[in-house]
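Peer 1: let's see this in three dimensions:
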Amino acid sequence: MPADLSDRVEQVSKRQIHIPDDKYVLIEGCCMGDIDAFCGLNCGECKAMIATQKNDDALRRAVAEEWSKAFGHGIKPAEINCVGCLTTEGPHINYCSVCEIRKCGMEREVENCADCGDYKCEKLVKFHEQAPEAGTRLEEIHKRKQKK
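Peer 2: Below you'll find the predicted structure:
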């Protein structure tokens, strides 16, 4: 495992590890209700991650069709592969490569945005207007961490 991934795995409570043959496994409860994205989205509920983990081509086709309509952009079933935004290696949906929240979280080496000293920055507030469930989930985590 490359050193940068090894360090990142430690930082995110060993949620994902790379194993030979480009296969990824989830360990220690990842995607079983955990917050897996910096922004508060639950990767365990993401259809792209579910399709990746189950290697389900029918689900990939359905998600590609659904997201193509929803986002007005042609998405191919082959693009519906993701191991979660907290890792640097492995397949990711295309948006991960341009996501400012992911980039910031990686640079700041936080588990998620609730750990950030600039929690509720402008980028996060704007995103949570589009995904309020992620904002609610992240706010609950932030409050729990503040009580500790």
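
Peer 1: pull out the buried positions in whichever strand or helix holds W67.
Peer 2: Take DSSP states H and E as the rule and W67 turns out to sit in helix 57-71. For helix 57-71, the neighbour count (16 or more other CB atoms under 10 Å) marks 59-60, 63-64, 67 as buried. Where you see a C-beta, it was placed from the backbone N, CA and C, and this is true even at glycine.

Peer 1: tell me what the helix or strand immediately after that helix in the chain is packed against?
Peer 2: Next helix or strand after helix 57-71 toward the C-terminus (DSSP H and E): helix 100-108. Using 3 or more CB pairs under 8 Å, 6 or more residues apart in numbering; DSSP states H and E, the elements in contact with helix 100-108 are helix 122-130.

Peer 1: for this protein, give me the ranges with low pLDDT.
Peer 2: Within the chain, the segments meeting pLDDT under 70 span 1-35.

Peer 1: let's go with 90 and repeat that
Peer 2: 1-36, 42-46, 70-73, 84-90, 93-97, 130, 141, 144-148 (pLDDT under 90).

Peer 1: neighbours around E109, how many?
Peer 2: Using other CB atoms under 10 Å, E109 has 11 neighbouring residues.

Peer 1: again but with G84, I slipped
Peer 2: For G84, using other CB under 10 Å, the count is 25.

Peer 1: what's the closest residue in space to it that isn't next to it in sequence sitting at in phi/psi?
Peer 2: Once flanking residues are discounted, G84 sits nearest to C43: 4.4 Å by CB to CB, 6 or more residues apart in numbering. Main-chain torsions, C43, degrees, to the nearest 10: phi -60, psi -30.
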